[in-house]
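> give the three-dimensional model of this entry:
(2 chains)
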Amino acid sequence: MSHSIDETFLSLPLRAAADAALQVARDLGATHADVRVERLREQDVSLRDGRLQSLSDDLDVGIAVRVVHDGTWGFASSPDVTPDEAARLAREAVSVARVAKPLNHQPVELADEPVHADATWVSAYDVDPFAVDPKDKVALFEDWSRRLLGHDEVDHVDVHLQQALENKFYADLSGTTTTQQRVRLQPQVTGTRVDPGGGFETMRTIAPPVGRGWEYLTTVWDWDDELAQMPERLVEKAKASSVEPGRYDLVIDPTNLWLTIHESIGHATELDRALGYEAAYAGTSFATIDQLGSLRYGSDLMHVTGDRVTPYGLSTIGFDDEGVAAQQWDIVRGGTLVGYQLDRRMARQNAAVLGTDRSNGCSFADSPHHVPVQRMPNVSLQPLAGGPSTEELIAGVERGIYVVGDKSWSIDMQRYNFQFTGQRFYEIRSGRLVGQLRDVAYQATTTEFWGSMEAVGGPQTYLLGGAFNCGKAQPGQVAAVTHGCPAALFRNVNILNTVREAGR
Amino acid sequence: MSEVVERVLALSKADGCVVVYSESSTVDLRWANSTLTTNGSRRERHLTVISVIGQSVGVRGASVLEDLEVLVRASEQAARDAGQDEDYGPLVSGPADPDFGDPAEATSTAVFEQLARDLGDAFAGDVRQYGYATHDLTTTWLGSSTGLRRRWVQPTGYVEMTAKNDARGGSSWVGQHTRDFSDLSVPALTDELRRRLSWTKRFVELPKGRYETLVPPTAVADLLVDTYWYAGGRDAHEGRTVYSRPNGGTRVGEALAPKGFSLRSDPHHPGLAIQPFLTAGASSDMISVFDNGIELPATSWIDDGVLTALPHTRASAATYGDAFTPYVDNLVADGGGTATLDEMVASTERGLLLTCLWYIRVVDPETLLLTGLTRDGVYLVEGGEVTGVVNNFRWNESPIDLLGRMTECGVSVPTLPREWSDYFTWAQMPALRIPDFNMSSVSPAS
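Take a look at the predicted model:
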């Protein structure tokens, strides 16, 4: 079912405000100017042990004007979407650029991009989550909670749902004008078992966040099955034996591998990081631009793409926040680094090395009050056509661990050294699962880890995972992003015991 | 504008209503590779309407003020749709602040004038400069149907600077919070960066292992912020945090740190002053919308080494018979020490001196085991002097354990938490000496 753009958004004076700002910017000598109007509706629902803890419903509307004046960026924003305020913002953005000019030693030039006049794009979803009565949402989660609390060994149940409806209007001096709308939601259910003798264990659903509508809660994902299995899985985990640290072969489920891709490939191939723009905050990257086309990222089986077009992807959109059309490209091919995530400025500045002077559409701001920066597209590990099932991957392991669901994550500022935990770790002996282990973390270095990828699952194992809360930039911005991946087999990975790490 | 609050209260038909309205004015500058990257000047506002009907609550928020009545009615409908709220209690009442009717205060790029001049000089130097400066003035008005009228103007500013040279390990960081930038000296910060970069003349490769480690105030702040964020009283009573006692109850009363060590929050702490009343746009495990407007007291979380309180809502405090000790947005740790970090270096035979920690995440909530990285300079101390720069490490440690294992606590100084400054700006911390910090593996990052 295709939706049209929200009427309350269209009723804002989008074009009049844009025209006013662009005219002022032009008159003041800006070489580039863009206007972005955003309306972000968000609703979060939290239940604690079957009772509504909070239902927050928020609406943020605002307008931003960004200019390049005398080779320097200037940016200003306001909550008031009117032509007068837009004109004031254009003047203020130019004045910010003037203040900043003495500090700028690299004149800003942007890659030329085709003009998209009056383009409209709406994401693929069936049921607008904001059209569903909040009472029905709470009733559904009360039912889920009751089912879990009905089990003797489940002591606590937390349910969280985040929902967003995002509208963006963009116009620039070159004549591009885009109007867009997308929805996303993230439901999570966590069961907790408290051991009367001390200690506790949790189990969270592995259902990923998605760029879908309310249908995700009713038909797309098998919630009944996940909730039905959670108590037994939780008890098994709580009573499982603690892992013996050492080297193991890992079969990693897409519900866990997406996050390892996000941290060790997604962030590492952001060109702004590789160029040092994030050096004081999010960090840099080992995958420096001089290694484009030569860096051995991983095994020959490794094919990683960037895209903003995958249906239901959280980074999927029609046009980015610089008016560049969404597209797909290779980041790692045959195990070699072949591409980066770009915006218009970096594409122009590094055209000679990149071999192209076009952006690939990765500019994004999470709010009308934030400057667009290069943000992650959907970065996905491609499955192997005709490749093995998860069971077949497990069958190829003598002594190993099958990792399901994400939990804790951390990686260093150059994206080398990482450590991840998960929701469930199943011991593999002689090609078969023999029960859960606990206290497991895997720790590795990015290129060594991807170099140890010996087998990649087939399309039947492929799943879109992702996150709502990817952080970057100052002031801090969050972005939602999807990572598709198959199950995959990694040989000889370092496993830690987290209880021993705590010195117990 | 306080008028927005009054208009909403006049529209309210609920049994009780609390309105929280804020206007923010923010400027920022960002730089990398010794040149400006982004900048901005922005104005934001936010209105939250909390309607109480019977013992139920409904909340709606927006940045648009055109349709106040729609927003008020929506919050009332949400209250009618919700069941009895677990946190229900009488709304807070109290006097009106005399400045309640005053307008919002605004900042501007003028606050950066001196900073911009000094940065220009720093950019011309022989090391590469990276960093960020931000200044925000947020005016918050809170009004309730019970007569409460509060207003507060919160300044939040900080600068972070990273400098790099081409040596291995050649990266260093300094940061400082500020209310108005008048107390900030870029030349002093760049001098400290240079001093630290001068330690990169000798690189020493060290393996993973347990090392005597001097943890500086910024890193102590990041670690203790995590001990605070996971300290919810209700969760602890329910048996699901590091503060839970086996067979029920909490660890309040247990010694976690050496005698003389304290951890407290105080909205009026000199230099760290923050909004002295509670505002909550949504209820969570530690705060409740029913507590909006309540005066925030000074609270000791750890006193003389003993855990004395955990953050509670009024409702959860009543449920468990604990004192009401609300979450407050600043932290002061003090062990009575007088040694500066340099003096602690001078009294170190062999150990590591850290600059800051990064990418800190909870690995195991049962022990509050955290993992993370060292960042922007790990230095080798030998015979009381820094003798070189060391590779970075991934570490795994529980800050609760670290409190118990510290062998020295330095002088408590204002500090900017490197990792959590986006969310937690106001801290005052000592440096700690840990005899056996667990560096779990080597990170090749620099």
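> and the helices in chain B?
Listed in chain order, the helices of chain B (DSSP state H) span B:2-11, B:68-81, B:113-123, B:186-197, B:217-229, B:233-237, B:314-320, B:341-346, B:399-405.
> and for the stretch 351-500 of chain A?
Under the criterion DSSP state H, counting those that start in this stretch, the stretch 351-500 of chain A contains helices at A:351-354, A:390-395, A:446-451, A:498-501.
> ok so, going back, can you tell me which of the helices of chain B the model trusts least?
Among the helices of chain B, helix B:113-123 carries the lowest mean pLDDT, a mean of 94.
> how much does that helix deviate in direction from helix B:186-197?
30 degrees (axes from the mean of the first three to the mean of the last three CA atoms, to 10 degrees).
> got the buried residues for helix B:113-123?
Neighbour-count burial for helix B:113-123 flags B:115-116, B:118-119, B:122-123 (criterion: 16 or more other CB atoms under 10 Å in any protein chain shown). (C-beta placed from N, C-alpha, C; glycine too.)
> just the CA atoms of stretch A:260-276, as CSV, please.
Extracted in CSV, the C-alpha atoms of stretch A:260-276 (Å, rounded to 0.1, in the frame of the first residue of the first chain):
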residue,chain,number,x,y,z
THR,A,260,29.9,-6.4,14.0
ILE,A,261,29.4,-5.3,10.4
HIS,A,262,28.1,-1.9,11.6
GLU,A,263,31.1,-1.3,13.9
SER,A,264,33.9,-2.8,11.9
ILE,A,265,32.9,-2.1,8.3
GLY,A,266,30.1,0.5,8.4
HIS,A,267,31.9,3.1,10.5
ALA,A,268,35.4,2.2,9.2
THR,A,269,34.4,3.0,5.6
GLU,A,270,32.9,6.5,6.4
LEU,A,271,35.2,8.7,4.4
ASP,A,272,34.9,11.6,6.9
ARG,A,273,36.4,9.3,9.6
ALA,A,274,39.1,8.2,7.2
LEU,A,275,39.9,11.8,6.5
GLY,A,276,40.1,12.7,10.2
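> avg pLDDT for it?
98.
> about what we covered before: would CSV of the helices of the stretch 351-500 of chain A with distance to residue B:219, mean pLDDT and mean neighbour count be doable?
As requested, the helices of the stretch 351-500 of chain A are exported to CSV (distance: least, CB to CB, whole Å; pLDDT from 0 to 100; neighbours: other CB atoms under 10 Å in any protein chain shown):
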stretch, distance to residue B:219, mean pLDDT, mean neighbour count
helix A:351-354, 37, 96, 14
helix A:390-395, 41, 98, 19
helix A:446-451, 25, 98, 20
helix A:498-501, 18, 96, 20
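> could you double-check that residue A:362 sits in contact with residue A:376?
Yes: at 7.1 Å, residue A:362 and residue A:376 qualify as touching, with contact defined as CB atoms under 8 Å.
> can you list residues touching both of those two?
Common neighbours of residue A:362 and residue A:376, using CB atoms under 8 Å, 6 or more residues apart in numbering or on different chains, are A:270, A:341.
> comparing those two, which shows the higher neighbour count?
Of the pair residue A:362 and residue A:376, residue A:362 is the one with more neighbours under other CB atoms under 10 Å in any protein chain shown, namely 30 against 26.
> which residue packs closest to that one, ignoring adjacent ones?
Leaving aside its chain neighbours, residue A:362 sits nearest to residue A:341 (4.3 Å; criterion: CB to CB, 6 or more residues apart in numbering or on different chains).
> tell me the contacts of that neighbour?
For residue A:341, counting by CB under 8 Å, 6+ apart, the contacting residues are A:269-271, A:306, A:331, A:360, A:362, A:374-377, A:379.
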